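> pasting a predicted model and its sequence here:
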Amino acid sequence: MNSILLRFILACLLLPCLWTAAGAQGVSFPDLGSAVPSHEDTTYLDLARMVIPDLAADKDGFYRGSMPIEMRHIEGPDSGGPPPETSGLSNAAALDIKAGGKDRLTMLFDLGGSADSAEGFAVLVLYDLADKPRLLDAVNVAVDRSTYFRDPGKLPIGPGDDVIITLSTHFNSNQGYVGTPLILVRDDRFELIDMIYTFDENLCAYKRTQELAFQTVVDGQPYAAIKATVTDATVPNGESCDDAAPDASSRDISVTYHWDRTAYVKDSDALDKLAGENAKRF
């Protein structure tokens, strides 16, 4: 009896580690002309054409096309700008994930921006590769000029599910703006959990950074709780400047998202308040 109990306790302690190990494979950047693993007759270009139907390689090996298929923005119908009239890609970012206990491929195509929008247009695509490759869902995840998978791109929230993390950013001479969508895949559809905004400054007298980190907490729900923590740190640099440097400081601002039957619910608005504070510094 004691031996069984000890094995059960050990399994519970190891479960988060097993999730992490299972989801350890990160983002890759395959050439669009290369074959998809286990699908010798299908290239990544074939997958990309499910989003940009006329995408084709030019004489220099760069891939060009026109408008992507219609899609929603991950934040809803009132968000996002229009896609550019022409698209250009040298490669795309690919990430294997688990969703509903099934293997899925996600790809991210940053198409740049249109002349009418300050934001870019970045397509996050979900594919089923179990048999003949199928496009399951596609959304625009751009909230700033350039969009990427955030390293490592996914966070295991159970033995058969991952959350996807992208980021959009732009920089000027002394400021960096980052928007980080936290995205659930449920019933083969992308769902936004939350959008987290951070802001860095590098001024004459000091540097202020906001580092975002995630961890999961097993809490007995179908999806594990997700704790997001922003470490907001100010470091004087000792330079002689017109404005006095603030004192060195560091604080952690955390929010935990718990699964509540049909959606993730956050336990505070601390990160929203941080975004409001940051907006006053722009």
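Right, received. Where do you want to start?

> what about the helices in this structure?
For the chain, the helices defined by DSSP state H occupy 2-22, 44-48, 270-279.

> so for the shortest one, what's the average pLDDT?
For helix 44-48, the per-residue pLDDT values average out at 96.

> pLDDT weak spots in the protein?
Within the chain, the ranges that satisfy pLDDT under 70 run 1-24, 114-117.

> OK, contacts around the residue nearest in space to the middle of it?
In the chain, the centroid-proximal residue (Cα atoms, centre = their mean) is residue 166; its distance is 1.6 Å. Contacts for residue 166 (Cβ atoms under 8 Å, 6 or more residues apart in numbering) come out as 108, 122, 124, 141, 147, 148, 149, 150, 153, 180, 181, 183. Where you see a C-beta, it was placed from the backbone N, CA and C, and this is true even at glycine.

> so residue 92 sits against residue 34, correct?
No - applying Cβ atoms under 8 Å as the test, residue 92 and residue 34 come out as separate, 11.0 Å apart.

> name the residues contacting each of the two.
Listed as contacting both residue 92 and residue 34 by Cβ under 8 Å, 6+ apart are residue 44.

> out of the two, which sits in the more crowded spot?
Shown here are residue 92 and residue 34; by other Cβ atoms under 10 Å, residue 92 has more neighbours (22 against 11).

> returning to what we had before: can you report how many residues neighbour the closest residue in space to the residue nearest to the centre of the chain that isn't next to it in sequence?
Spatial nearest neighbour of residue 166, chain neighbours left out: residue 141 (5.0 Å); criterion: Cβ to Cβ, 6 or more residues apart in numbering. For residue 141, the neighbour count with other Cβ under 10 Å is 28.

> now do residue 182
Neighbours of residue 182 under the rule other Cβ under 10 Å: 21.
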